[in-house]
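# I would like to see how this sequence folds:
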Amino acid sequence: MTAALIALLAVPLVAGIVSYVSPLPRLSQALTVIGGLASLGLAVSLVGLGGSGRISIAGGLLYADSLSVVLLLSVGLVYATSAVFAVGYLKGEERSASFPRYARNFYALLNLFAFSMLLVPATDNLGVLWAAVELTTIVSALMVALEGTDAAIEAAWKYVLIASAGLALALLGVVLLYASGTDALGQAYEPNWTQLLSVSGKLEPDTVRLAFVFALIGFGTKAGLVPMHTWLPDAHSEGPTPVSALLSGALLADAMYAVFRFYGITVQAVGPAFPRTLLLLFGLASLLLAGFFVLIQRNFKRLLAYSSIEHMGILAVGVAFGAPLALYGVALHIITHAATKSMAFFGAGSILRKLGTRETGKVSGLIRLMPATGVLFLVAALAITGLPPFGVFRSEFLILAGGFSRAGIWFFLAALLLLLVNLAFLGLFRYANNMVLGEPPAGVKPGEASRWMVAAMVLDLAFVLGLGLWVPDALSTLLRGAARIIEGGF
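Okay, the predicted model is just below:
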């Protein structure tokens, strides 16, 4: 499995470098698709690590445990489906004189973006993790600006400024957490998660609390938690669709992963009350704001962006519940959200390519105009709202069951979570229903935007529906291990 972890990082890095230097767009395209599918396969192979297995290379420079593998699997899935989708997405640009240059930049950045997101959960080192998250900002901002429109460039600059400010605070959190361990580990030590956890009872409590505050605000900015979310709707709606899928399905979860690592150490060092309260406040705020904004959106890509904010809130509240069942649901939700949200964005991108509009009011009759895309987009919209028999239903049900299993105020907070989730459901179901049904716009020839786009959605569907019906034993064991690690276990 050590070789699989190294290969998982090497594949997108090599594909990105070759894509940038290659003058042949077809070669870059083929390498990206092969790289994405290979990465997904390698990530799936790591599921065999189990609930307590670990890989450590070069003193933790590269590292994987069960929580890491959950993220690697999510990123690998979105990377693979985005690579397939991109073939159809770029097909309409092939006759443009600027296409070779655009394709070179697009595929190089797509692969490097995947590499940086895979690196985030694949290290035991606090400093390397922070640097990897910063690298995701740089690469993804360049991708958001690729379209070259004024709105895209503005969204990219807004993203860079807000995310970088947040990551500056996250770096301060890293420094403070490192400082909290100097009495137990000495003035110079490798800032590895495992090392800090092993002496968590000896860390300076007030410094750990302050480190968690800065980490939650800093990495929470990248995760789109309210009120640090303001970059997210613009970046998701203005960037190329494969980028939107990677941002929503993979990058946000990566940022939450960093928060979870800080959370585990904080729980072991100062107890669960303080970090759970903070996660609960940010999570409920995210759910509340996203729910109301979903109700009033007129741009379907922004609609999905606000839905992503909602789901990061669900993850935060699920961890705050603290029940083992809820934490298992959180780990599963990372994967189900990645598959479902990327599928929804692929549907949105196909609609945009076909009709040339992002306005929900100008889209109707998709079931007759684009039958496969219309059905798959409706399935994705229903799945992301948490309806059975899809994977998001299973993961949200487990989170809620964990919340309801706790007595006192936690029972009422679980009821509040259920209410807020249904608020977002109303908006998403209303718009998706109107877009798919009804009369198609006049003068538009029926037909799919691209078979490659449909194929990417079908690949996602295998996970969206499959994980709703059945969680394999090996994956279930991995999820239980990830739940234990979130709380600061090994």
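# residues in contact with the residue nearest the centre of the chain?
The residue lying closest to the centre of the chain (C-alpha atoms, centre = their mean) is Ala250, at 2.7 Å. By C-beta atoms under 8 Å, 6 or more residues apart in numbering, Ala250 lies in contact with 74-75, 78-79, 117, 338. (Glycine included, C-beta is placed from N, CA and C.)
# off-centre distance for the helix or strand where Thr137 lies?
For Thr137, the host element (DSSP states H and E) is helix 126-144. Its chain's average C-alpha position is 14 Å from that of helix 126-144, according to C-alpha atoms, centre = their mean, to the nearest Å.
# give the buried residues for that helix.
By neighbour count on 16 or more other C-beta atoms under 10 Å, the buried set for helix 126-144 is 126, 128-137, 139-144.
# then stretch 467-474?
For stretch 467-474, burial by neighbour count (16+ other C-beta under 10 Å) applies to 467-468, 471.
# which one among those residues gets closest to Asp183?
Distance to Asp183 across the buried residues of stretch 467-474 (C-beta to C-beta) is lowest for Val471, with 42.8 Å.
# I'd guessed the closest one sits against Ile335; true?
No: under the criterion of C-beta atoms under 8 Å, Val471 makes no contact with Ile335, lying 9.7 Å away.
# re the thing from before, would you format the contacts of Ala250 as CSV with secondary structure and distance to Leu210 included?
Listed next are these as CSV, based on DSSP: H, G, I helix; E, B strand; the rest coil; distance: C-beta to C-beta, whole Å:
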residue, secondary structure, distance to Leu210
Ser74, helix, 30
Val75, helix, 30
Val78, helix, 34
Tyr79, helix, 35
Met117, helix, 28
Ala338, helix, 32
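# any idea which of the residues you listed has the most stuff around it?
With neighbours taken as other C-beta atoms under 10 Å, the top of the contacts of Ala250 is Val75, carrying 34 neighbours.
# hmm, Leu118 and it touching each other?
Yes: if you go by C-beta under 8 Å, Val75 and Leu118 touch, sitting 5.4 Å apart.
# what touches both of those two?
Ser39.
# now do the domain split for the chain, please.
1-122, 124-271, 277-490 (automatic domain parsing).
# how about JSON lines for these, with mean pLDDT added?
Shown next, in JSON lines, are these (pLDDT from 0 to 100):
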{"stretch": "domain 1-122", "mean pLDDT": "92"}
{"stretch": "domain 124-271", "mean pLDDT": "92"}
{"stretch": "domain 277-490", "mean pLDDT": "92"}
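# show residues contacting stretch 314-327.
By C-beta under 8 Å, 6+ apart, stretch 314-327 touches 225, 253, 256, 259-260, 263, 272, 276-277, 279-280, 282-284, 286-287, 329-330, 333-334, 396, 398-399, 401-403, 405-406, 410, 413-414, 417, 421, 480, 482-484, 486-487.
# what's the span of it, first residue to last?
11 Å (C-alpha to C-alpha, to the nearest Å).
# can you mark which positions in that stretch are buried?
Buried residues in stretch 314-327 (16+ other C-beta under 10 Å): 314-323, 325-327.
# how far does it sit from its chain's centre?
With C-alpha atoms, centre = their mean, you get 17 Å for stretch 314-327.
# picking that back up, and the furthest pair within the buried residues of stretch 314-327?
Ala316 and Leu325 (16.7 Å).
# number of nearby residues for Leu295?
Leu295: 16 neighbours (other C-beta under 10 Å).
# which residues touch the residue lying closest to it once chain neighbours are set aside?
Sequence neighbours aside, Gly427 is the residue nearest to Leu295 in space, at 4.2 Å (criterion: C-beta to C-beta, 6 or more residues apart in numbering). Neighbouring residues of Gly427 by C-beta under 8 Å, 6+ apart: 291, 294-297, 303.
# most neighbours among the residues you listed, which one?
Leu303 leads the contacts of Gly427 on contacts (other C-beta under 10 Å) with 27 neighbours.
# distance from the host helix or strand of that residue to the middle of the chain?
Following DSSP H and E, one finds Leu303 within helix 300-321. Relative to its chain's centre, helix 300-321 lies at 10 Å (C-alpha atoms, centre = their mean).
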